[in-house]
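In: model the following, please.
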Amino acid sequence: MKQQSSSTKNLLERRRFLKILTAGAALGIPAGWGCSSDSDMVVPDPVIPGSLPLTPAQTEGPFYPIPTIEQQMFNDTDLTRKLLTDELTQGQLIIIEGTVMDRSERPLNNSIVEIWQASTAGLYNHPADSANDPALDQAFQFWGRALTGEDGTYMFTTVIPGEYDGRAARHIHFRVDSPGYNRLSTQSYFSSFGARNAADVLYNGLTSSQQQLLTVEFEESASEPWRGTFNIVLAEA
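Out: The predicted structure follows:
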């Protein structure tokens, strides 16, 4: 197979970038929130009889924790504190769990599930977040990683993220990698904040069926962490 010259590669990449940027502007997506490299646009999933709908893709946003992600000492599934001896972070505790599967509902083991989110104060642990104050939310982990077992399940303990300028909806970012399947970057939302979801530009870019797939209903408790299920369906590569 012929190899593309570096100039040809650069031209193709530039055209791809301009395509993504133009699409984002048409949807009213704020700068820096262009669609992820894995999906130019969020489009309705073609219906295949007898199969599950794919989990809709959404932008990774500007705050995926690169380049510090591999340098973080704490990357487990409990974002509420860094050490068991530490105090809990501020905010409403939640447990979000689910199964990574394919269209035929087969659980996918050895899938890497990553989440990252704002703290209760609406801050990301990222240098691009101009509102970030290192003195705040020091107990919060901000990012976690899980590996699914034979049953394809994952679980994270975290808090409800705060709102911040530019996004109305509270949300948690997900990135999922599974052998033999396309990488998925997406976001989950909270049914408890329906009015704020309706005011969010990215949430409104989804069809109603896509919104349902990404909106999690949590069991709310006064004494225990709220608990919600977010199942993830991947497309074969």
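In: not counting sequence-adjacent ones, nearest residue to the most centrally placed residue in the chain?
Out: Centroid-nearest residue in the chain: residue 173, 1.9 Å away (criterion: CA atoms, centre = their mean). Here the nearest residue to residue 173 in space, its sequence neighbours aside, is residue 116; by CB to CB, 6 or more residues apart in numbering that works out to 5.0 Å. Every C-beta, even on glycine, is put in place using the N, C-alpha and C of the backbone.
In: repeat for residue 217
Out: The spatially closest residue to residue 217, leaving aside those adjacent along the chain, is residue 191, at 4.4 Å (CB to CB, 6+ apart).
In: what is the burial count for the one you found?
Out: By other CB atoms under 10 Å, the residues close to residue 191 number 12.
In: contacting residues for it?
Out: Residues touching residue 191, when contacts are defined by CB atoms under 8 Å, 6 or more residues apart in numbering, comprise 215, 216, 217, 218.
In: got any ranges where this structure has weak pLDDT?
Out: Segments of the chain classed as low confidence (criterion: pLDDT under 70) are 1-47, 49-50, 67-71, 134-136.
In: so what's residue 165 closest to, chain neighbours aside?
Out: Counting by CB to CB, 6+ apart, residue 131 is the residue found nearest to residue 165 once chain neighbours are left out, at 7.2 Å.
In: you'd agree that neighbour is in a helix?
Out: No: remark: residue 131 does not belong to a helix; assigned using DSSP: H, G, I helix; E, B strand; the rest coil, it is coil.
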